[in-house]
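Participant: sequence plus the predicted model coming up.
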Amino acid sequence: MKLIKIKRETRLEKRFTPKMGRLHTRVTYIKKTFLNIIPLETLHKYRETYYGEIKDCEDCLLSK
């Protein structure tokens with residue numbers, strides 16, 4: 001049994017970009033978990049654009 005696993009989770013979030021304004025997008029989080037229950041850290045998060053491109057989430061802000 002492995003103690004540390006890598007897990008992917010996709011959520012629907014509201015994001016804001018200066019060029020497009022507010023948008024609803026699917027954001028995928030890659031997390032490292034202990035015993036598949038306790039999250040230790042987020043390794044990476046990315047989102048898929050309307051055109052199918054994969055972009056890093058650091059270029060857009062969470063909408064208020």
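Facilitator: Structure received.
Participant: over to Gly52. Which of the three states is it?
Facilitator: Put simply, Gly52 is coil when judged by DSSP: H, G, I helix; E, B strand; the rest coil.
Participant: pLDDT score for it?
Facilitator: Turning to Gly52, the model gives it a pLDDT of 80.
Participant: in contact with it, which residues?
Facilitator: Listed by Cβ atoms under 8 Å, 6 or more residues apart in numbering, Gly52 has no contact partners. The C-beta positions use only the backbone N, C-alpha and C, and glycine is treated the same way.
Participant: what does Ile30 give?
Facilitator: So Ile30 contacts Ile6, Lys7, Arg8, Thr42, Leu43, His44, Lys45 (Cβ under 8 Å, 6+ apart).
Participant: restricted to buried residues, select those in ChimeraX.
Facilitator: Command for ChimeraX that selects the buried part of the contacts of Ile30, burial taken from 16 or more other Cβ atoms under 10 Å:
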select :45
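Participant: beta partners of Glu13?
Facilitator: Beta-bridge partners recorded for Glu13 (DSSP bridges): Thr25.
Participant: just checking, it touches Leu23?
Facilitator: No: applying Cβ atoms under 8 Å, one finds Glu13 not in contact with Leu23, separated by 9.4 Å.
Participant: could you export the contacts of Ile30 as JSON lines, including pLDDT, distance to Thr17 and secondary structure?
Facilitator: Output for the contacts of Ile30, formatted as JSON lines (pLDDT from 0 to 100; distance: Cβ to Cβ, whole Å; DSSP: H, G, I helix; E, B strand; the rest coil):
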{"residue": "Ile6", "pLDDT": "91", "distance to Thr17": "28", "secondary structure": "strand"}
{"residue": "Lys7", "pLDDT": "91", "distance to Thr17": "27", "secondary structure": "strand"}
{"residue": "Arg8", "pLDDT": "92", "distance to Thr17": "23", "secondary structure": "strand"}
{"residue": "Thr42", "pLDDT": "87", "distance to Thr17": "21", "secondary structure": "strand"}
{"residue": "Leu43", "pLDDT": "88", "distance to Thr17": "23", "secondary structure": "strand"}
{"residue": "His44", "pLDDT": "86", "distance to Thr17": "19", "secondary structure": "strand"}
{"residue": "Lys45", "pLDDT": "88", "distance to Thr17": "15", "secondary structure": "strand"}
